[in-house]
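# Need a 3D model of the following:
(one chain, ligands or ions: 1)
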Amino acid sequence: MKLASTLQDVPETMLWTLHNRAVEAMRPDGIIQDPTCVEIYRSISYDYERHFGKAEPSHAIRSLQFDRAIRQFLRRHPEGTIVNLGEGLETQRFRFHGDRARWLTVDLPEAIEIRERFIEPDQRHLHCPVSALDRKWFDWVPRDRAVFISAQGLFMYFEEREVRQLVRDLFDTFAEGVLMFDSIPRWLSRRTLSTQGWKKTPHYRTPRMPWGLNRNEIGPTLSQWSDKITRIEEATYAEFPRGLVRWLFPLFLALPVLGNYAPTNNIVYFEGGGL
Ligand SMILES: C[S@@+](CC[C@H](N)C(=O)[O-])C[C@H]1O[C@@H](n2cnc3c(N)ncnc32)[C@H](O)[C@@H]1O
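Numbering: from 1, shown residues only. Presented below is the predicted three-dimensional model:
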């Protein structure tokens with residue numbers, strides 16, 4: 001029997017990313033292979049297309065970018081910890097095989113409740129049902145190992161002051177690690193805050209996304225927030241697998257000023273915390 005979704009507001013957006021990833025994974029030429037994602041997608045009774053429109057590959061690209069950065073991290077820190085803030089129904093850990101890492105999912109209680117209908121936690125894969133803004137989850141992370149903190153599709157839903165304080169607290173608390181998050185440009189954030197909001201389709205308005213920064217502002221802003229940062233890298237969406245966007249998006253990214261108005265993924269290396 002299919003499960004009906006009771007999710008609303010930001011937790012409901014986990015079905016948007018699930019939709020885009022699963023439809024990509026179902027294609028014979030799909031860029032992502034993820035049978036668990038497809039199984040979950042098919043088990044939820046929800047009119048994905050009516051809400052979010054026709055699926056497109058951006059979230060599969062994003063997940064692959066995060067997978068790559070985590071693989072790189074695990075090569076250096078095979079026993080490190082991966083913290084997934086706002087993980088929703090992301091099935092990332094099933095795309096890894098034979099790793100020895102500890103994985104921690106941090107999401108709101110109603111989101112964890114849905115996740116656990118499909119994905120059981122175990123000794124190495126833990127679920128922490130609290131807000132990412134609640135520092136209680138810090139205690140679930142071993143302090144003697146490096147940590148990779150991932151926030152896919154999360155920080156834009158927070159206020160800037162919340163992101164700033166969280167980032168500072170992370171870098172002050174953990175001695176060594178990586179924070180990876182995606183960001184949206186200011187124009188898109190503003191659109192979600194307008195009276196109309198961002199109506200993705202006639203049947204779905206996205207939640208507010210108060211935190212937006214243009215691509216060229218990420219490095220300077222984060223460096224101002226913390227002196228624990230050793231390096232910042234970018235992993236763009238320039239990997240659309242097909243269609244006109246495959247050619248147009250890399251061109252757009254390369255444009256001197258306009259390229260700053262694209263969403264992107266940021267990989268921030270830090271060292272020196274450990275309060
Ligand atoms: C756009 S979805 C992204 C889900 C997943 N990361 C992915 O890429 O498929 C946003 C997620 O953030 C979670 N979320 C919203 N507010 C949160 C908070 N304060 N703390 C932790 N997670 C939160 C939602 O429940 C949801 O799972």
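# looking at the protein, which helix or strand does the model trust least?
Every helix and strand of the chain was ranked by mean pLDDT, DSSP states H and E. The lowest is strand 3-4, at a mean of 70.
# Which residues of the stretch 151-275 of the chain lie near the ligand?
Contacts of the stretch 151-275 of the chain with the ligand, taken as CB under 6 Å from any ligand atom, map to 152, 153, 154, 157. To be clear about C-beta, it is placed using only N, CA and C from the backbone, and glycine gets the same treatment.
# In strands only, show me the residues you listed.
Applying DSSP state E to these, no entry is found in strands.
# Now list the buried members of those.
Among those, the ones that count as buried by 16 or more other CB atoms under 10 Å are 152, 153, 154, 157.
# Tabulate those residues (TSV), appending pLDDT and distance to residue 16.
What follows is these, written out as TSV (pLDDT from 0 to 100; distance: CB to CB, whole Å):
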residue	pLDDT	distance to residue 16
152	98	12
153	98	8
154	98	13
157	98	12
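# any idea which helix or strand carries the residue nearest to residue 105 when sequence neighbours are not counted?
Distance criterion CB to CB, 6 or more residues apart in numbering; nearest residue to residue 105, sequence neighbours excluded, is residue 87 at 4.3 Å. Assigned by DSSP states H and E, residue 87 belongs to no helix or strand.
# ok, residue 87 - contacts?
Shown in contact with residue 87 (CB atoms under 8 Å, 6 or more residues apart in numbering): 105, 106, 107, 115, 152.
# where along the protein do the helices fall?
Counting by DSSP state H, the chain has helices at residues 9-26, 35-43, 48-52, 58-76, 109-115, 160-173, 186-193, 215-225, 245-254.
# List the buried residues of the longest one.
Translated: helix 58-76. For helix 58-76, by 16+ other CB under 10 Å, it's 58-66, 69-70, 73-74.
# Same check on the shortest one?
Taking 16+ other CB under 10 Å as the neighbour-count basis, helix 48-52 is seen to contain the buried residues 48, 51, 52.
# Send me that helix as PDB with only the CA atoms.
Extracted in PDB, the C-alpha atoms of helix 48-52 (Å, rounded to 0.1, in the frame of the first residue of the first chain):
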ATOM      1  CA  TYR A  48       4.700  15.100  -7.700                       C
ATOM      2  CA  GLU A  49       4.200  16.600 -11.100                       C
ATOM      3  CA  ARG A  50       1.200  18.600 -10.100                       C
ATOM      4  CA  HIS A  51       3.100  20.200  -7.300                       C
ATOM      5  CA  PHE A  52       6.700  20.500  -8.600                       C
END
